[in-house]
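> Any chance you could fold what I've pasted below:
(2 chains)
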Amino acid sequence: MNLVWQGLREAFHLIVSGDPLVLSAAWRSVWISTTAVAIAAILGLPLGVLLARKQFAGQATLVLLARVAMALPTVFVGMLCYAMFSRRGPLGPLELLYSPWGIVAGELLLALPIVIGLTHGAIKSLDPRVGETAFTLGASPWKRGLTYLSEARTGVLLAIMTAFARCVTELGIAMIVGGNLKDRTRTLATATALETGRGEFARGLAMSSILLLVALGAFFITTRLTREKN
Amino acid sequence: MIHLEQFQVIRDGKSICEVQHLDIAAGERIAILGVNGAGKTTLLRALAGLESGYRGQLRIECPLASRTYVHQQPLLFRGTVRSNVAYGLKSMSAFHWLGKLGLAELAERDANTLSGGERRRVALARALATGPKLLLLDEPLAELDEMAAGLVSETLHDLADTTIVTVSPTPLPDGFPVDRQIELTHNEGKKSAAGR
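Coordinates of the predicted model:
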């Protein structure tokens, strides 16, 4: 128990003192995950709407794939990206391996199925009158899509925040694709693993506590945004 | 404007709406009466373009963008009353239609805090704001008090060029704009029409 208190005290000290290593890892964790989730939202929200509202061949298979991919192990995605980004891989010339953008690409693969799958579920559970009303009021397909997202915004925001929480706390991709390079690809999750591996348990706990703060911050924002008016 | 011949909607192998023959002229205001389950709502939905699985002939000389259907239980979108009425706005201003239907003071209210009767009037204002050529109303006076029903009737009276098809289980009150009234009967596969 002493160790936990010591870790929490150290976390507080690291934040207050503005430890540059911690701050850079925290900032990197946030921007990498935010970028990956933003791209996932741009691609995944329209796809989620399309899968929920349009009938076409292969639609059920795509929904099933998205749902299965929601449970992808991060180490699997990490290994997949490693194989793609390594010098001999098909995307080797992009030099993404051991770069922050390589982690963004890996986290995008992690976030996209979550955004698609949860958005699909949220839109699918909407009252059918939403689409009918928009249609009979002359809304264009684009406007109808925006109406679906607006009406299902609680579920849609939860989809985005769930994807963010999964990305910001993941370790496998950041470690395998990023390589945990100081000042380049080190994130809070990989820093935690590094400190704990070095026997610096308190410092590791401090790092993971800061990660917890970031995740709680995301939860707080989601709660604020999805709060219903009475 | 509307022509139906040997029209039939079948769901799960059962006919849920049948009309042998029906013609509705442009600008006509027609009331379709019938007991519950006679297929009134299904017919209205077919006219709105919301039912695709039907047999027979259905010809409507009015593009989908100019037809507006108001549900039996209208759904209002998230947001204020004004944002709902402005959703598909093409004709006049949102305030014009809210004022016509006695809803001006509710403009900034959250649409989902309204009573059943208020919701109905907001849904009608929203439909009218799209400037429809064909207005399809499913029991528009349900849940409305006498004053609100009067406002609705008066507003509909003023729509000179709009074809209005209204369905109701009971005869519509005097003052509601109706040129002709027909009755839809269930199972017999026939529609009988009577002038009014």
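
> Quick check: beta-bridge partners of B:Leu134?
B:Arg67, B:Thr163 (DSSP bridges).

> part of a helix, is B:Phe7?
No - B:Phe7 sits outside any helix when classified using DSSP: H, G, I helix; E, B strand; the rest coil, being strand.

> What score does it have for pLDDT?
In this model, B:Phe7 is scored at 93, pLDDT.

> and what of A:His13?
Reported pLDDT for A:His13: 86.

> Need the pLDDT of the closest residue to A:Gly7 other than its chain neighbours.
Leaving aside its chain neighbours, A:Gly7 sits nearest to A:Leu205 (2.8 Å; criterion: C-beta to C-beta, 6 or more residues apart in numbering or on different chains). Every C-beta, even on glycine, is put in place using the N, C-alpha and C of the backbone. At A:Leu205, the pLDDT value in this model is 84.

> now B:His3
Per-residue confidence (pLDDT) for B:His3: 95.

> Check for me that it belongs to a strand.
Yes - B:His3 sits within a strand when classified using three-state DSSP.

> show me where pLDDT drops low in the chain?
Chain wasn't specified; assuming chain A. Scanning chain A for pLDDT under 70 picks out the ranges A:1, A:228-230.

> Actually, chain B is the one I wanted.
Looking at chain B by pLDDT under 70, you get B:186-196.

> Name the residues of it found near chain A, please.
For chain B, the contact set with chain A under C-beta under 8 Å from any C-beta of the partner chain comprises B:48-50, B:64-69, B:71, B:73-75, B:77-78, B:87-88, B:90, B:110, B:113, B:126-127, B:130, B:136.

> filter these to the buried ones?
B:48-50, B:65-69, B:71, B:74-75, B:77-78, B:87-88, B:126-127, B:130, B:136 (16 or more other C-beta atoms under 10 Å in any protein chain shown).

> So which of those sit within helices?
B:48, B:126-127 (DSSP state H).

> Including distance to B:Thr163, could those go into JSON lines?
Below are those laid out as JSON lines (distance: C-beta to C-beta, whole Å):
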{"residue": "B:Ala48", "distance to B:Thr163": "13"}
{"residue": "B:Arg126", "distance to B:Thr163": "19"}
{"residue": "B:Ala127", "distance to B:Thr163": "13"}
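
> Which of those residues lies at the shortest distance from A:Val115?
Distance to A:Val115 across these (C-beta to C-beta) is lowest for B:Arg126, with 31.0 Å.

> contacting residues around the closest residue to that closest one other than its chain neighbours?
In space, and not counting its chain neighbours, B:Arg126 is closest to B:Val85: 4.9 Å by C-beta to C-beta, 6+ apart. By C-beta atoms under 8 Å, 6 or more residues apart in numbering or on different chains, the residues touching B:Val85 are B:94, B:97-98, B:122, B:125-126, B:129.
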